[in-house]
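In: Build me a model from this:
(2 chains, ligands or ions: 2)
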Amino acid sequence: MSATAKLSVKRGTPEHTYDEEFDIPYSEGMSILDALMWIHAHADSTLAVRYSCINANACKECSVMVNGKVTYACTARLSREGDRVEPLPTKTLVRDLVTDTLPAKETLASVLAGSR
Amino acid sequence: MPHLDADVLVIGAGAAGMYAAIAAANAGADVLLVDKSIVGRGGATIMAQMTVAAALNQDGDDGWLKHHRDTLKAGRGLCNEELSEILCKEAPDRIRELDAWKVGWARREDGKINGVMAPGHSVPRCVYVDFLNTGPAVARTMRVKVSRTKGVRRVSGLSVREIVVHEGRAIGAVAVNVDDGQVVTIAAKAVVMAAGGLTKLFRRNSASANMGGDAYAIALRAGASLLDMEFPQFFPIGHLAPRLVGMDPIMWDPFRYKLGGRLLNGNMDEFLENYGFSDGGKYTATRDETAYAIVRENEAGRGSPAGGAYLSFTHVPEAELRRAFGPVIDLLAENGIDLTQNAVEVAPIAHYHMGGIRVDGEMATDVPGLYAAGEAVGGANGANRLSGNAIPEAFVFGERAGRFAAAMAAGRALVWEEAAAAPALALIGEIDARAEAGGTGPTATIGELWFEVQEMMWEKVGLMRDEASLTAALERLREIRTNDLATVPLSPGHAHNTTVEDWFDLRNAVEVAECIALAALNRRESRGAHQRLDYTATDPEFDRNQVLRLSGTEIVADWVPVVHTDTSLEEVA
Ligand SMILES: Cc1cc2nc3c(=O)[nH]c(=O)nc-3n(C[C@H](O)[C@H](O)[C@H](O)COP(=O)(O)OP(=O)(O)OC[C@H]3O[C@@H](n4cnc5c(N)ncnc54)[C@H](O)[C@@H]3O)c2cc1C
Ligand code: FES
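Out: Ligands and ions are numbered 1, 2, ... in the order given. You can find the predicted model right below:
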């Protein structure tokens, strides 16, 4: 039996944002990140989200807003009733769920600015 | 186009890359350390929750020779003994150095660093940070150390596409800043490849998003040789069900070891000993043996419902569980897992790669100016790695790669040759043009292609392989390389363009997948992590290492004798 859950995602770039809804094949206990990775693999590979460790909750790269609260996508559970995911509101938007969260002193721009 | 100069460029910032950067800078080099994710957070290092093996010999019952003997035994005759010796000899130095950097190794009551037993080790020598915090503590400590080391510049979010080679020497790299698509060239007197492993190529894995084999593919195209590529390691009891979030899927091992977790088949019977592996009560069966037994049970229709085996702690008193698991018990409860009541399901998952870039004792590859370190390197662990040997490998080889790269750089002038970077820049331009011309509607073709590769690698090139499955995989991989990659739709935009990143990742993944399948096809025997259904015995004929190189666009294979050292023959008490 295949249940689905609705996931609404705020997407786009600083020039233009929009909402999109996806039907996710639901399985008990899955995370919001599982759902986003499913979208990326099977529905729309243009969906951008920053993450690395997937299971370990160690890299702390996957911060997003789920239903209005800042949380880690990899530990927040997808609910059958449907959820909404948005990028972090306090950071500059890069694309979709990716925001400007790289440590400021270790970006290409900062190294170029400091290079001889 | 922006351009950066450095004495030493380090690609990848896990334990190996960060150690290389620190060692190179301490030797006086001006270092550029880059990572396609965030420095110290993108790879396997931060996820490692268990232990680090080193013969600290605090009780007079251990020594590097003994650690080496255990390593060779697990390696099934294929360890490059020069490398495995270096690993075992220098691991204690690195562990003590990390201790001085305040990593927080767990202590015994007498104040000494606590070493515990782990499967395959003959004495308790595996150090750790509580609770399940080894990797995060190592990553945090090294990140701080790197940031305080004079002479290291760090760039996160920079994906290296290609190493630039001029007149046979590595002279730098071409990279892309993922968040805005900016292309950058980097000139360096020496380059250290420390971009980690490849387990993401298999559907069931313990990998982070950045472990798709970039290190091997980029080094191969730069002219380096790859060793023992048929030997990805499958961790036997990766978590399978129910869904467990917030925890690394290989977390069960130390608990099984400490508490005597029972491994049961679908009928709730113990089964390891039916395969002749002694495990009874001591849990000393090695990784390859346990993985093999679980797959065979499933083939015989005796698997657990999700396709693995049960791991049960129900016979262990609750108080003892609480003591051993500590706060982990609460995390498990959040996942609806109550170990006093229910068994969990576990199964083999792709976890580590024994093979990799071929290096000498100075971590120099076959390409002058190019060094390698960490999981990206092959040889030290032969056909099967001992639990706890990978983190020390990253430390020890990272430190050496940085030190020797800096020494090499010290005697040289910086060279940059734009023409040598031209092919890499042209490909980036071509893919960019394809993406800009692409549609903006939803497309999952490249995601599906990635999924297909993972599925195929798992089914045909995974734990159980034979000539037919490997040949079929090779054929499809070559087709993907030549056809699918040339036509798969990409989408426009320079800000964090996932389809473009996926394209370059997949290009590397497919090339590396082909290396694994080809090497596995050529090794017509079973040994360690490489199990052939059609050649089930170990054949002394194959007491050799396999080396792959790129010749034009063809991957060619060759056999070389195993590197033995005199000391390895010494008897250890
Ligand atoms: C879940 C898990 C648990 C483990 N537990 C243990 C354990 O308990 N004990 C043990 O000994 N070993 C363990 N291992 C293995 C061990 O963690 C690894 O072998 C080791 O950390 C590898 O270190 P590294 O520095 O070589 O690579 P990594 O730590 O993987 O770092 C590689 C870095 O390279 C970056 N990178 C990749 N491609 C590019 C590119 N093209 N451009 C720029 N950067 C790039 C990645 O983002 C990453 O940050 C575990 C592994 C996993 C996955
Ligand atoms: S993906 Fe690493 S913390 Fe969420």
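In: close to ligand 1, is the biggest helix by length in chain B?
Out: Scanning chain B for the longest helix, with DSSP state H as the assignment, gives helix B:498-522. No: counting by C-beta under 6 Å from any ligand atom, ligand 1 has no neighbours in helix B:498-522; the shortest distance is 7.6 Å. Every residue, glycine included, has its C-beta placed from N, CA and C.
In: ok, and the closest non-adjacent residue to the residue in chain B that chain A sits nearest to?
Out: Relative to chain A, the nearest point of chain B is residue B:243 (3.3 Å; C-beta to the nearest C-beta). Sequence neighbours aside, residue A:29 is the residue nearest to residue B:243 in space, at 3.3 Å (criterion: C-beta to C-beta, 6 or more residues apart in numbering or on different chains).
In: Does the one you found touch residue B:334 like I think?
Out: No: taking contacts as C-beta atoms under 8 Å, residue A:29 lies outside contact range of residue B:334: 10.2 Å.
In: Have a look at those two and say which one is more surrounded.
Out: Applying other C-beta atoms under 10 Å in any protein chain shown to residue A:29 and residue B:334 shows that residue A:29 carries more neighbours, namely 16 against 13.
In: Could you grab the helix/strand/coil label for the more buried one?
Out: Following DSSP: H, G, I helix; E, B strand; the rest coil, residue A:29 is assigned to coil.
In: neighbouring contacts of stretch B:56-69?
Out: Contacts with stretch B:56-69, where a contact means C-beta atoms under 8 Å, 6 or more residues apart in numbering or on different chains, come from B:53-55, B:84-85, B:88-89, B:91-92, B:95-96, B:112-113, B:115, B:121-123, B:125, B:127, B:567-568, B:570, B:572.
In: Need the phi and psi values for the residue of chain B closest to chain A.
Out: With angles defined as degrees, to the nearest 10, residue B:243 sits at phi -50, psi 130.
In: So it sits against residue A:35, correct?
Out: No: the criterion here is C-beta under 8 Å, and residue B:243 misses it with residue A:35 at 12.0 Å.
In: what about those two, which has more around it?
Out: More neighbours surround residue A:35 than the other of residue B:243 and residue A:35, with 23 against 17 (other C-beta under 10 Å).
In: quick one on the thing from earlier: what separation is there between the residue nearest to residue B:243 and residue B:536?
Out: Separation of residue A:29 from residue B:536 (C-beta to C-beta, to the nearest Å) stands at 38 Å.
In: and if you look at residue B:109?
Out: As it turns out, when the distance is counted by C-beta to C-beta, residue B:109 lies 48 Å from residue B:536.
In: what about these two, which has more around it?
Out: When neighbours are counted by other C-beta under 10 Å, residue B:109 and residue B:536 differ, and residue B:536 comes out ahead with 9 against 6.
In: what stretches of the stretch 451-573 of chain B score poorly on pLDDT?
Out: Along the stretch 451-573 of chain B, the model assigns pLDDT under 70 to residues B:568-573.
In: The same query, at a cut-off of 80, please.
Out: Low-confidence segments of the stretch 451-573 of chain B (pLDDT under 80): B:567-573.
In: what ranges do the strands span in it?
Out: With strands called from DSSP state E, counting those that start in this stretch, the stretch 451-573 of chain B shows them at B:544-551, B:554-561.
In: What's the per-residue pLDDT of the residue in chain A positioned nearest to ligand 1 here?
Out: Residue nearest to ligand 1 within chain A (C-beta to the nearest ligand atom): residue A:56, separated by 6.2 Å. pLDDT, residue A:56: 90.
In: surely it meets residue B:44?
Out: No: Residue A:56 is beyond contact range of residue B:44, at 9.8 Å (criterion: C-beta under 8 Å).
In: Give the residues shared as contacts by those two.
Out: Listed as contacting both residue A:56 and residue B:44 by C-beta under 8 Å, 6+ apart are residue B:135.
In: More neighbours: which of these two?
Out: Shown here are residue A:56 and residue B:44; by other C-beta under 10 Å, residue B:44 has more neighbours (28 against 25).
In: quick one, what contacts that one?
Out: When contacts are counted by C-beta under 8 Å, 6+ apart, residue B:44 touches B:14, B:135, B:196-197, B:206-208, B:211, B:352, B:375, B:390.
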